[in-house]
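Undergrad: Model the structure of this input:
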Amino acid sequence: MNKFSAYVKDSYKELVEKVTWPAWDQLQQSTMIVLGATLFITALVALMDFVANTALKFIYSLF
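TA: Alright, predicted model coming up:
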């Protein structure tokens, strides 16, 4: 149990004293970048799915 409590204390100390947390403005900017990239990739995958679905329906309609 001593090792666990020492681990928790050291982890807390590292998070409070050694970690550099981003400023609020930087955090908002990073969040918007991630959100924009996520929406872009989602749209790209949806477009590829639509194209593949349409192409396969056309190919199946030939037979």
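
Undergrad: Give me the buried positions along the lowest-mean-pLDDT helix or strand in the chain.
TA: Lowest on mean pLDDT, DSSP states H and E among the helices and strands of the chain sits helix 2-13, with a mean of 93. By 16 or more other CB atoms under 10 Å, helix 2-13 has no buried positions at all. Glycine gets a C-beta too; all of them are placed from N, C-alpha and C.

Undergrad: Tell me who's in contact with Val34.
TA: Contacts for Val34 (CB atoms under 8 Å, 6 or more residues apart in numbering) come out as none.

Undergrad: roughly how far apart are it and Asn2?
TA: 40 Å (CB to CB, to the nearest Å).

Undergrad: do the same with Ser30
TA: Ser30 sits 39 Å away from Asn2, going by CB to CB.

Undergrad: Which strands and helices lie in contact with the least confident helix or strand of the chain?
TA: Using 3 or more CB pairs under 8 Å, 6 or more residues apart in numbering; DSSP states H and E, no helix or strand is in contact with helix 2-13.

Undergrad: when you give positions from now on, start the count at 473
TA: Happy to do that; since the first residue is 473 now, the last one works out to helix 474-485.

Undergrad: got the buried residues for the following helix or strand past that helix?
TA: The first helix or strand that comes after helix 474-485 along the chain, using DSSP states H and E, is helix 496-534. By neighbour count with 16+ other CB under 10 Å, helix 496-534 contains no buried residues.

Undergrad: Having no further points to raise, I will conclude here.
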